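Student: Make a model of this:
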Amino acid sequence: MNRKKLSRNIKYSSNSFIFTAAVIGIVIIINLIIRSFHIQWDLTSNKIYTLSEEGINALKKLDQDVSILFFANPADPVTSDIQQLYENMATVTNHISLEIIDPLKNPSLVNQYQITTEYSAVVSSEKMSKQVHGFDIIRTDYSTGEYFFDGEGALIQAILDVTADKQTQLYVLEGHGEFSLDENLTLFKYLLEQKGVKVHSFTLTTSADLPGDSDIICILGPLYDYTPNEIEILKDFLDKGGKVILAFNDYQENENLDNLKNFAQNYGIKVENIPLSDSLRHYAQDERALVPVYTSHEIVQRLEEDNIATIIPNARKLSIEKKEDIINRVVLETSQEEAIAITAEKYLDNDETAQLLVIGNAFFLHDQAISLGGNSDIVLGALTWFKDDESIVNIKPKTYSPEPIVLVGIQSQLIFLVCVVLIPLFVFIFGLMLYLRRRTL
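Tutor: As a prediction, this is how the structure comes out:
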């Protein structure tokens, strides 16, 4: 009897061992197959480890070797994120290499590259090198304490910058009461230079022409009108395929900006002396702090897709006046379909395109407002529209904070019933049935 029982126990034990070994073997084989085909699933709620379509397209066009030195503790979780990001990038292009540098063990490299912040990276090509600061890779919203991982956007932009054939030159005009680049537009300048755009200030009051390397001209919040000669310089720049952003200041009854208004009207955009308000879409109880409605324009396509609001305070009304050979499109409007921003395009004989963006107010780019909502994305959208520029990417940072699970109605009761009652009860009944069956053998 004991021998029979022992034999039966050995039989069941052997079956269990064989079954367990088979399961482990199948799991190992499946993992080897998945690894050989580089199959991965990003199970994070915010897809931290998934490359964006924009990033993938930029990497596919990379034809130069680029090295990335990342300065951080190799055991740090952020280092793991960067390593995973690099592995994803390496599946798209073989022109990128990554080396993790421990700052404590390599002080000479820290001094050589003048690394001052944790999680900084140095991106280098044969042409040049660029440092990406740690606070651009790990961004912080100090109002909420939320952290964002912007490794993909920051590193891919740096890769494009160090491999670009030419750097975009943007000039902010001053001398007519406009916002000052060094006093009011410091964040505007920093944002653009992070995207590889070189930003300068310039005045036409002491010069007979614009700089010869000008790609984009910005006139932001003028208080005083431009002279007829200065307007002619701007028209000549546009007629050669130039790009211009013209954003007005708050409407004042005694203002005199007729030459600038006529300049815009020549391109089909009428600047009206009508302050806009919106009772349905506004910010902080102020009906003049407009939260615009987006159209289908490329400038605001990303904002529309990601459902990000912008805030344009104290804007004046714009409207379209049809002009021959000019294509006008509304970019931003109120809920009553009153235009806040309009573009103009004119195709030229030299295969160039004159492009003008007129906005009803410039304060949304001021240091006090550019960080609100998606205000800065309007600038980036304008740059990509102006240049059709593949050397500028606007990849959305990914939050480290998981989305909260909000249970409504009877959802919490159902989860309690299934997890606490039904599953344990099923396991108990199944185990009891198995026990009773074995006793009969």
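
Student: what residue ranges in the stretch 251-400 of the chain score low on pLDDT?
Tutor: 387-393, 400 (pLDDT under 70).

Student: Now do the helices in it.
Tutor: 258-265, 301-306, 375-387 (DSSP state H, counting those that start in this stretch).

Student: which one of those helices is the most hemmed in?
Tutor: Mean neighbour count (mean count of other CB atoms under 10 Å) peaks for helix 375-387 among these, with a mean of 22. Every residue, glycine included, has its C-beta placed from N, CA and C.

Student: can you give me the strands for the stretch 151-300 of the chain?
Tutor: Counting by DSSP state E, counting those that start in this stretch, the stretch 151-300 of the chain has strands at residues 169-174, 198-203, 216-220, 243-247, 269-275, 282-283, 286-290, 293-294.

Student: now the angle between strand 286-290 and the fifth one, please.
Tutor: Taking axes from the mean of the first three to the mean of the last three CA atoms, to 10 degrees, one finds that strand 269-275 is oriented at 160 degrees with respect to strand 286-290.

Student: Counting neighbours, which bits of strand 269-275 end up buried?
Tutor: Within strand 269-275, the residues scored as buried using 16 or more other CB atoms under 10 Å are 269-271.

Student: Repeat that for stretch 309-319.
Tutor: 310-319.

Student: Poorly predicted segments of the stretch 51-200 of the chain, please.
Tutor: 141-145.

Student: the helices in it, which residues?
Tutor: 53-60, 77-90, 107-112, 134-137, 151-163, 186-194.

Student: Go through the ones you listed and pick out the most buried.
Tutor: For the helices of the stretch 51-200 of the chain, the highest mean count by mean count of other CB under 10 Å goes to helix 151-163, at a mean of 24.

Student: Mind giving me the packing neighbours of that helix?
Tutor: helix 53-60, strand 66-71, helix 77-90, strand 120-124, strand 129-132, helix 134-137 (3 or more CB pairs under 8 Å, 6 or more residues apart in numbering; DSSP states H and E).

Student: wait, which of those is closest to residue 300?
Tutor: helix 53-60 (15.7 Å; CB to CB).

Student: roughly how far apart are residue 181 and residue 240?
Tutor: Using CB to CB, to the nearest Å, residue 181 is found at 24 Å from residue 240.

Student: Would you mind telling me which of those two has more residues around it?
Tutor: residue 181 (20 against 12; other CB atoms under 10 Å).

Student: if I pick the more buried one, what's in contact with it?
Tutor: 172, 174, 188-189, 199-201 (CB atoms under 8 Å, 6 or more residues apart in numbering).

Student: again with residue 245
Tutor: With CB under 8 Å, 6+ apart, residue 245 has these contacts: 216-220, 357, 359, 382.

Student: if we take those residues, which one ends up nearest to residue 54?
Tutor: residue 382 (16.5 Å).

Student: Hmm, the closest one is touching residue 357, no?
Tutor: Yes: taking contacts as CB atoms under 8 Å, residue 382 lies within contact range of residue 357: 5.5 Å.

Student: what's the overlap in contacts for the two?
Tutor: 245, 299.

Student: sorry, back to before: could you dump the contacts of residue 245 into TSV with distance to residue 246 added?
Tutor: Output for the contacts of residue 245, formatted as TSV (distance: CB to CB, whole Å):
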residue	distance to residue 246
216	12
217	9
218	8
219	5
220	8
357	7
359	7
382	11
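
Student: Now list the buried members of those.
Tutor: For these, buried by 16+ other CB under 10 Å: 216-220, 357, 359, 382.

Student: Tell me how many other residues crowd residue 213.
Tutor: 12.

Student: okay but residue 227 is in contact with residue 258, surely?
Tutor: No: using CB under 8 Å, residue 227 makes no contact with residue 258, being 11.5 Å away.

Student: For stretch 251-266, output the C-alpha coordinates as PDB.
Tutor: These are the backbone C-alpha positions of stretch 251-266, laid out as PDB (Å, rounded to 0.1, in the frame of the first residue of the first chain):
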ATOM      1  CA  TYR A 251      -5.600  98.800 -29.600                       C
ATOM      2  CA  GLN A 252      -5.400 102.500 -28.500                       C
ATOM      3  CA  GLU A 253      -7.700 105.200 -29.800                       C
ATOM      4  CA  ASN A 254      -4.900 107.600 -30.500                       C
ATOM      5  CA  GLU A 255      -2.500 105.100 -32.100                       C
ATOM      6  CA  ASN A 256      -0.900 105.700 -35.500                       C
ATOM      7  CA  LEU A 257       0.100 102.500 -37.200                       C
ATOM      8  CA  ASP A 258      -1.400 103.200 -40.600                       C
ATOM      9  CA  ASN A 259       1.700 102.200 -42.600                       C
ATOM     10  CA  LEU A 260       1.900  98.800 -40.800                       C
ATOM     11  CA  LYS A 261      -1.800  98.200 -41.300                       C
ATOM     12  CA  ASN A 262      -1.500  99.000 -45.000                       C
ATOM     13  CA  PHE A 263       1.400  96.700 -45.200                       C
ATOM     14  CA  ALA A 264      -0.700  93.800 -43.900                       C
ATOM     15  CA  GLN A 265      -3.700  94.900 -46.100                       C
ATOM     16  CA  ASN A 266      -1.500  94.600 -49.200                       C
END
